[in-house]
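In: Next input, structure requested:
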Amino acid sequence: MVSDMKTKRKSAEIIYDMQSLLNELSVSINIKTPIHKKNEALSSPATFSGPSGGIRLLLREGFCKEPKTLTDICAQLRQEGFNYSNQVISVALLRLVRDRTMVRIPATGEGKKKWIYAERK
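Out: As a prediction, the model looks like this:
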């Protein structure tokens, strides 16, 4: 599983490097429009690394437009290839809440107090 993630990261880095080289080539032959915008935050390969990167990927895909539980988010991350424990994902979610990227709402139910998370509008 770890080698798959490394392969995906290497592939993304290679694609990013190729796009950068194409931009340099387009500048050298005086093409006005760049092939790839360098300032796109979500397109860089490092943006989706780690548990918070996986959550950002889900946000970009629109998964968290409706409120989701920690269990829902963990299951979707595992399908995307981010295999982290619930505790690690919980910490990443809390950090994204503190960064004001997501919101955390108390869920009504029996037992332990649980939270649901959604994308901040």
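In: Going by C-alpha atoms from here, please, whenever you check contacts or count neighbours.
Out: Will do.
In: Off-centre distance for stretch 67-82?
Out: In terms of Cα atoms, centre = their mean, to the nearest Å, the gap separating the centre of stretch 67-82 from the centre of its chain is 12 Å.
In: Give me the buried stretch members for it, please.
Out: Of the residues in stretch 67-82, those with enough neighbours to count as buried (16 or more other Cα atoms under 10 Å) are 67-70, 73-74, 76-77, 82.
In: With stretch 14-30 instead?
Out: Counting neighbours by 16+ other Cα under 10 Å, stretch 14-30 gives 16, 19-20, 23 as buried.
In: just stretch 56-63 next, same as before
Out: Taking 16+ other Cα under 10 Å as the neighbour-count basis, stretch 56-63 is seen to contain the buried residues 56-59, 63.
In: would you put the C-alpha positions of it in CSV?
Out: Listed in CSV are the C-alpha atoms of stretch 56-63, where the atom choice follows Å, rounded to 0.1, in the frame of the first residue of the first chain:
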residue,chain,number,x,y,z
ARG,A,56,-8.6,18.5,0.7
LEU,A,57,-8.9,16.1,-2.2
LEU,A,58,-12.4,15.1,-1.0
LEU,A,59,-13.3,18.8,-0.6
ARG,A,60,-12.2,19.5,-4.2
GLU,A,61,-14.3,16.6,-5.5
GLY,A,62,-17.3,18.0,-3.6
PHE,A,63,-17.7,15.1,-1.1
